[in-house]
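Engineer: have a look; sequence and predicted model below, questions after that.
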Amino acid sequence: MDETRDLVPVIQIIDGRIQDNLTVVEQRVAEITEQYKNLVVTDVKDAKDTLAKLRKLSSTINAEKIRAKKIFLAPFEEIEQRIKKLAEMISIPVAEIDLQVKTAEQKIRDTRIAEINAMLEKASDEQGFDQVMKQWFASCSWRTDDRWTLEEYWTAKGNPTAKLTNEISSRIAICKDGINTILSVAGEFTDQILDDFKYSGNLGTALGTLEKKKQAKAEAEAFKARQAPPEPMLAPEPPQAPTAPPMPEVELPQVAPPEAPVEEELPAFMMDVEPPQPAFMGPAPTGDRTFILKVVCSDAEFSKVRTAFALAKVGFEVVETL
């Protein structure tokens, strides 16, 4: 009698129903595994034989599963291929419609972006932005918001809502107030703080950076002062010799002024000779130079001049005002 007969699963389709002997196989495998639980190996050869039998049994059961799966799935594979073809047929109009929808949405998005830029331009003009400030604001990453093209910021007729108008006005005010504040308090750190503000759009963060830089500078100057050698003591001044009394004033005789020299014409052979050029005349020097500019404007206009120089990163100094 074959002892392994009940250990091999038999799976069949009879009259359209799946029949198997898995219940018997499960019982026999449970008996075998129980037999080998907590086994203590005393003979290595016998243990190897046992391992080989158990591994062969596991491989046989798995092979039967694979065989049965192929039999059961064979009818479904044809159905699966037909279903895939149906999906491919549907995907053609889906792709065409999807492309048109995306194209239309992109067109709406482009139109809204153009409208947003026009609104920003108008709002900046109303706040008195000159061309330099407009260019600086245009380089800010926080100038616009990607959410502004969403439906919540536009009416059903495609017009901007009051919410969008208010947010654009707020961005313009943040830019203007930030620049004016930084120009008034940043001093020598103006360029660095403007760059910080351009990146973050947060005036509080930029001013926090300014305070850190001022503190670092003060600490560096204090450290430098502590490291400087003490100034040498000045020796006392020697006693001054007595001064002689002033000499009496003597009236000098009047002398007639010299006669004006008589100009004589140069000889003819010297008339065509060009005078020698001074040594300093030559090509203009190159490199950084200091220019003295005179600007005549009102106090209100001067703030724009100061802003233009600062945003262009051109150093300047106010020498005097009239």
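Structural biologist: The structure has been received and is ready for your questions.

Engineer: need the per-residue pLDDT for Ser298.
Structural biologist: Per-residue pLDDT puts Ser298 at 73.

Engineer: now Ile83
Structural biologist: Confidence score, pLDDT, at Ile83: 89.

Engineer: can you check Leu54 too?
Structural biologist: In this prediction Leu54 is given a pLDDT of 86.

Engineer: quick one, what contacts it?
Structural biologist: By Cβ atoms under 8 Å, 6 or more residues apart in numbering, Leu54 lies in contact with Ile32, Tyr36. For the C-beta atoms, the positions are set from N, CA and C on the backbone; glycine is no exception.

Engineer: low-confidence stretches in the stretch 1-150 of the chain?
Structural biologist: 1-6, 16 (pLDDT under 70).

Engineer: could I get the full set of helices for the stretch 151-300 of the chain?
Structural biologist: 162-185, 190-200, 203-227, 299-311 (DSSP state H, counting those that start in this stretch).

Engineer: and of the ones you listed, who's closest to Phe72?
Structural biologist: Minimum separation from Phe72 across those (Cβ to Cβ) falls at helix 162-185, 60.8 Å.

Engineer: so how far is that closest one from its chain's centroid?
Structural biologist: 20 Å (Cα atoms, centre = their mean, to the nearest Å).

Engineer: pLDDT averaged over that helix - what is it?
Structural biologist: 94.

Engineer: next, the buried residues of it.
Structural biologist: 164, 167-168, 171-172, 174-176, 178-179, 181-183 (16 or more other Cβ atoms under 10 Å).

Engineer: by how many degrees do that helix and helix 203-227 diverge?
Structural biologist: Relative orientation of helix 162-185 versus helix 203-227 (axes from the mean of the first three to the mean of the last three Cα atoms, to 10 degrees): 20 degrees.

Engineer: okay, strands next: where are they in this structure?
Structural biologist: 11-14, 17-20 (DSSP state E).

Engineer: in its sheet, what does the first one sit against?
Structural biologist: With DSSP bridges as the test, strand 11-14 is paired with strand 17-20 (antiparallel).

Engineer: run through who's touching the partner strand.
Structural biologist: In contact with strand 17-20 (Cβ under 8 Å, 6+ apart) are residues Pro9, Val10, Ile11, Gln12, Ile13, Phe72.

Engineer: now render the residues you listed as TSV, adding neighbour count and distance to Thr149.
Structural biologist: Output for these, formatted as TSV (neighbours: other Cβ atoms under 10 Å; distance: Cβ to Cβ, whole Å):
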residue	neighbour count	distance to Thr149
Pro9	20	62
Val10	14	66
Ile11	16	60
Gln12	11	63
Ile13	12	59
Phe72	12	53
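
Engineer: can you tell me which of the residues you listed is nearest Glu105?
Structural biologist: Using Cβ to Cβ, the contacts of strand 17-20 come closest to Glu105 at Phe72, 46.8 Å.

Engineer: and that closest one, how far from Ile13?
Structural biologist: 7 Å (Cβ to Cβ, to the nearest Å).

Engineer: and Ala87, by the same measure?
Structural biologist: 28 Å.

Engineer: and what of Ile90?
Structural biologist: Distance from Ile90 to Ile13, by Cβ to Cβ: 33 Å.

Engineer: ditto for Pro93
Structural biologist: Applying Cβ to Cβ to Pro93 and Ile13 gives a distance of 39 Å.

Engineer: ditto for Ile174
Structural biologist: For Ile174 relative to Ile13 (Cβ to Cβ), the value is 75 Å.

Engineer: ditto for Leu54
Structural biologist: Taking Cβ to Cβ, one finds Leu54 at 30 Å from Ile13.

Engineer: cool, Glu188 as well?
Structural biologist: 90 Å.

Engineer: kindly report the same for Leu7.
Structural biologist: The value you get for Leu7 to Ile13, if Cβ to Cβ is used, is 22 Å.

Engineer: phi, psi of the closest residue to Ala173 other than its chain neighbours?
Structural biologist: Once flanking residues are discounted, Ala173 sits nearest to Gln127: 7.4 Å by Cβ to Cβ, 6 or more residues apart in numbering. Phi and psi for Gln127, reported as degrees, to the nearest 10, are phi -90, psi 0.

Engineer: identify the residues contacting Gln127.
Structural biologist: Gln127 makes contacts with Ile172, Ala173, Lys176, as judged by Cβ under 8 Å, 6+ apart.

Engineer: what's the answer for Met119, then?
Structural biologist: By Cβ under 8 Å, 6+ apart, the neighbours of Met119 are Pro160, Leu164, Thr165, Ile168.

Engineer: and for Glu26?
Structural biologist: Glu26 neighbours (Cβ under 8 Å, 6+ apart): none.

Engineer: repeat that for 10 Å
Structural biologist: Shown in contact with Glu26 (Cβ atoms under 10 Å, 6 or more residues apart in numbering): Pro9.
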